[in-house]
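Novice: the sequence and its predicted three-dimensional model are supplied below.
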Amino acid sequence: MRVLIPLPVVLPLLAAAFSMALHRRVALQRFLGFAVLTASLVASVAVLVEVRASGPVAAHMGSWPAPLGITLVADLFAVVMLAVSAAMLLAVFVYAVGSPRTADDAMFFHPLYLILAAGVSASFLAGDLFNLFVAFEIMLSASYVLITLGGTRDQVRSGMTYVVISLLASTLFVTAVGLVYAATGTVNMADLAAKLADLPQGVRSGLGLLLLVVFGVKAAIFPLFFWLPDSYPTAPTPVTAIFAGLLTKVGVYAIIRTQTLLFPGDGPSVLLLAIAGATMLVGVLGAIAQNDVKRILSFHIVSQIGYMIMGLGLFTVAGIAGAIFYIVHHIVVKTTLFLVGGLVENATGTGALNRLGGLLHRAPLIAFLFVVPALSLAGLPPFSGFVAKLALVQAGFELDRFVVVGVSLVVSLLTLFSMAKIWAGVFWGVPDEEPPLLAARGDGRLAAPALMVLPTGALVVLSLAVAGLAGPVYDLCRDAARALAEPAPYIQAVLGT
Amino acid sequence: MIVTLAVVVGVLYALGTYLLLQRNLTRIVLGLVIMGHGANVLLLAAGGRAGQAPFVGSGPESGFADPLPQAMALTAIVITFGVAAFLLALAYRSWELRRDDTVEDDVEDRRIARQKTAEGGRQ
């Protein structure tokens, strides 16, 4: 059992090294990547089942005891994220292999993708602040190269913004780690949970805010989100999809982890709720103004982050459970939407709304694959987004936080509006401008490679399953939230005693 | 000793921030590197007083320097080094493509903003 915990980190890292050595043999690289990502999905699910049954487990690397050594902690929240992200990594990997126009056969795509997978898993499992930093860096270093993989002019331009802003956040992270160590003499989170409580209020708030800013940049919360809609759309579709699904959510995960374990409040946080409202509103307003499918979806990432922060800001079990449910739903749906955006781009050669139109008749399958996650994102019943938003709204009403609940409902409507904008622009009507060269088949239908449609379809089914099994999934999220609210078993699993 | 380190950290952060606010990527890289140095010195200072090298059995444990922040600083140095190399490569690529390494604004965003003002002007 304990042996399984490091696997989602170690396997992809090892495979990345082999994959690098195999860089001229694409078929072998593909097989290796597929095998390893499947294995880490299986390991994650196994750990999830075990942790659900018997509580959090910690693995001490090299048998160095906590709080000195490197500790990987698998509590329910961490393994839920681990399992969902492993599923996404696998699906997007298959999509990348299947798509003819992406960088799958570019040098080093495979090793980088596996390193990214290792970094994401390590971030979820990290038991101390410094290893969280290292895990972030593993993930981000891979992402820097992936986002500029083509080396085109646009990618270099937006890549610069992305790398510089991430590096600045990383430097602040090291600063925060240094300050935390200076104040308490430890960076292990379980150990910190007790030691931070003894610090003077001012020092505590300062450290809490610094960490919030650090993770806020990664999570793209208001007002630290401006780098995201600029940099994500320029990358190849599979890269954008996996970034959209996972990277910002790793930031949200770190915010939730640190705010609940290290800086637990005794009631709703007005600061977090205000940030949540502003993030939702600004993100969705930005999305409405855009003209490109990927850019609209990128602004929506920002908007959706607001909902997760809202759940955390309520600081009740119901609120945090809603936030976790929202993250699960969002990771699946957002990744799917970007994959569909990629299908459109692959079939038509563009993602610009004014150059697209009438795809409903020429690619009905793509239209179907788009409509389910789009309505889910807007929160229409009976899709997963509806359940997630319902959970958050109920949690908000319990505490009479009507303002933020009202904002979240208005933003849902605006989300629906901008999804309708994509629908009307891409699937209905005729193109405003001369359409680009189309890869049409004999019957006028547009081509969609099976290996791209298959994972997209699988994710659509997964998001429908999240809605269909909303009861059990919500129970799982509530258990995870409860474990966050009462961290004693977590601390005991790490420190022994 | 700690005061000296604190002043050094402050100066490094200030220099780094100033350089970060420039438009040229080469200056930004230098700024990030200098700020990274500041963060590493901060990590060292966080370990408390200087002392002997912490080899087990080489002396009394109370005289040892705290090895943990040193290990962290070493890791952070390696990471900063790697990413700085990547950023320099990016700056070179930008120079290759445009004979310039200025960090530009979001082009599409400015186009949309212009479009909105133009529409507003017509009405």
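Specialist: Sure, I can see it.

Novice: now the closest residue to chain B within the stretch 351-497 of chain A. Its backbone dihedrals?
Specialist: Taking Cβ to the nearest Cβ, chain B has its nearest neighbour within the stretch 351-497 of chain A at A:A352, 10.0 Å off. Placement of C-beta: from N, CA and C, glycine included. A:A352 adopts backbone torsions of phi -80, psi 130, taken as degrees, to the nearest 10.

Novice: these two touch, right, it and A:Q290?
Specialist: No. A:A352 is beyond contact range of A:Q290, at 10.0 Å (criterion: Cβ atoms under 8 Å).

Novice: on the three-state scheme, B:R93 is what?
Specialist: With DSSP: H, G, I helix; E, B strand; the rest coil as the basis, B:R93 sits in helix.

Novice: if I look at it, how far off is A:G151?
Specialist: Distance, B:R93 to A:G151, by Cβ to Cβ, to the nearest Å: 6 Å.

Novice: the two: who's more crowded?
Specialist: Neighbours per residue, other Cβ atoms under 10 Å in any protein chain shown: of B:R93 and A:G151, the larger number sits with B:R93, 19 against 15.

Novice: who touches the nearest residue to the residue of the stretch 351-497 of chain A closest to chain B once chain neighbours are set aside in this structure?
Specialist: Beyond its immediate neighbours in the sequence, the residue positioned closest to A:A352 (Cβ to Cβ, 6 or more residues apart in numbering or on different chains) is A:D292, lying 5.4 Å away. A:D292 is in contact with A:233, A:351-353, B:108, counting by Cβ atoms under 8 Å, 6 or more residues apart in numbering or on different chains.

Novice: next one, pLDDT for A:D292 please.
Specialist: The score at A:D292 is 83. That number is its pLDDT.

Novice: A:I309 versus that one, what's the distance?
Specialist: Taking Cβ to Cβ as the measure, A:D292 falls 26 Å from A:I309.

Novice: which residues does the residue nearest to A:D128 when sequence neighbours are not counted contact?
Specialist: In space, not counting the residues next to it along the chain, A:D128 is nearest to A:N188; the distance is 4.3 Å by Cβ to Cβ, 6+ apart. Under the criterion of Cβ under 8 Å, 6+ apart, the neighbours of A:N188 are A:66-67, A:71, A:127-129, A:494-495.

Novice: what do you get for A:L314?
Specialist: If a contact means Cβ under 8 Å, 6+ apart, then A:L314 has A:268, A:273, A:320, A:322, A:395-396, A:399, A:401 as its contacts.

Novice: taking the residues you listed one by one, which sit in helices?
Specialist: Counting by DSSP state H, the members of the contacts of A:L314 that fall within helices are A:273, A:320, A:322, A:395-396.

Novice: would you list those in JSON lines and tack on pLDDT?
Specialist: Converted to JSON lines, these look like this (pLDDT from 0 to 100):
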{"residue": "A:L273", "pLDDT": "92"}
{"residue": "A:I320", "pLDDT": "92"}
{"residue": "A:G322", "pLDDT": "92"}
{"residue": "A:A395", "pLDDT": "90"}
{"residue": "A:G396", "pLDDT": "90"}
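
Novice: so which of these is the most crowded?
Specialist: Counting by other Cβ under 10 Å, A:G322 has the largest number of neighbours within the ones in helices among the contacts of A:L314, with 31 neighbours.

Novice: hang on, it packs against A:G311?
Specialist: Yes. If you go by Cβ under 8 Å, A:G322 and A:G311 touch, sitting 4.3 Å apart.

Novice: what pLDDT does the nearest residue to B:A65 once chain neighbours are set aside get?
Specialist: By the measure of Cβ to Cβ, 6+ apart, the closest residue to B:A65 outside its immediate chain neighbours is B:G51, 3.9 Å from it. Listed pLDDT for B:G51 reads 78.

Novice: and B:G51, how many neighbours?
Specialist: By the measure other Cβ under 10 Å, the count of residues near B:G51 is 16.

Novice: what lies in contact with stretch A:42-59?
Specialist: Applying Cβ under 8 Å, 6+ apart, the external contacts of stretch A:42-59 come out as A:1-8, A:11, A:66, A:71-76, A:79-80, A:82-83, A:86, A:121, A:127, A:476, A:479, A:483, A:489-490, A:493-494.

Novice: residue 28: which element?
Specialist: I went with chain A, as the question did not name one. helix A:26-54 (DSSP states H and E).

Novice: not quite, go with chain B.
Specialist: Using DSSP H and E, B:I28 falls within helix B:25-46.

Novice: mind putting the contacts of A:L314 in TSV, distance to chain B included?
Specialist: Below are the contacts of A:L314 laid out as TSV (distance: Cβ to the nearest Cβ, whole Å):
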residue	distance to chain B
A:P268	33
A:L273	28
A:I320	30
A:G322	32
A:A395	34
A:G396	32
A:L399	37
A:R401	32
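
Novice: and of those residues, the nearest to A:A448?
Specialist: Here the nearest of these to A:A448, counting by Cβ to Cβ, is A:G322; it sits at 35.3 Å.

Novice: per-residue confidence for residue 19?
Specialist: Here I'm looking at chain A. Looking at A:S19, its pLDDT is 89.

Novice: ah, no, chain B please
Specialist: 93.

Novice: could you do A:D443 as well?
Specialist: pLDDT for A:D443: 50.

Novice: likewise the one 3 residues further on?
Specialist: pLDDT recorded at A:L446 is 64.

Novice: got it, and B:L32?
Specialist: Among the per-residue scores, B:L32 shows a pLDDT of 91.

Novice: nearest spatial neighbour of it, chain-adjacent residues omitted?
Specialist: Nearest non-adjacent residue to B:L32, counting by Cβ to Cβ, 6+ apart: A:L167, 5.2 Å away.

Novice: and the residue of the stretch 351-497 of chain A closest to chain B, what does it touch?
Specialist: Residues in contact with A:A352 (Cβ under 8 Å, 6+ apart) are A:291-293.

Novice: point out where the chain drops to low pLDDT.
Specialist: All of this refers to chain A. Counting by pLDDT under 70, chain A shows low-confidence ranges at A:1, A:101-106, A:431-447, A:497.

Novice: please refer instead to chain B.
Specialist: Within chain B, the stretches with pLDDT under 70 are B:1, B:106, B:116-123.

Novice: what ranges does it have for its helices?
Specialist: Ranges of helices in chain B, per DSSP H, are B:2-20, B:25-46, B:67-98, B:107-122.

Novice: taking the stretch 201-350 of chain A, what residue is nearest to chain B?
Specialist: Among residues of the stretch 201-350 of chain A, the one nearest chain B by Cβ to the nearest Cβ turns out to be A:D230. It sits 4.1 Å away.

Novice: thinking B:I2 is in contact with B:A46, fair?
Specialist: No. In this structure, B:I2 sits apart from B:A46 without contact. The criterion is Cβ under 8 Å, and the distance is 10.1 Å.

Novice: which of the two has more residues huddled nearby?
Specialist: Under the criterion of other Cβ under 10 Å, the comparison of B:I2 against B:A46 puts B:A46 first, with 24 against 11.

Novice: so what's the residue count around the residue lying closest to the more buried one once chain neighbours are set aside?
Specialist: When the adjacent residues along the chain are set aside, B:A46 lies closest to A:A182, with 3.7 Å between them (Cβ to Cβ, 6+ apart). If you count neighbours by other Cβ under 10 Å, A:A182 ends up with 17.

Novice: dihedrals phi and psi, the closest residue in space to A:I147 that isn't next to it in sequence?
Specialist: The spatially closest residue to A:I147, leaving aside those adjacent along the chain, is A:A235, at 4.7 Å (Cβ to Cβ, 6+ apart). Dihedral angles phi and psi of A:A235 (degrees, to the nearest 10) take the values phi -80, psi 160.

Novice: if I look at A:A235, how far off is A:R401?
Specialist: As it turns out, when the distance is counted by Cβ to Cβ, A:A235 lies 37 Å from A:R401.
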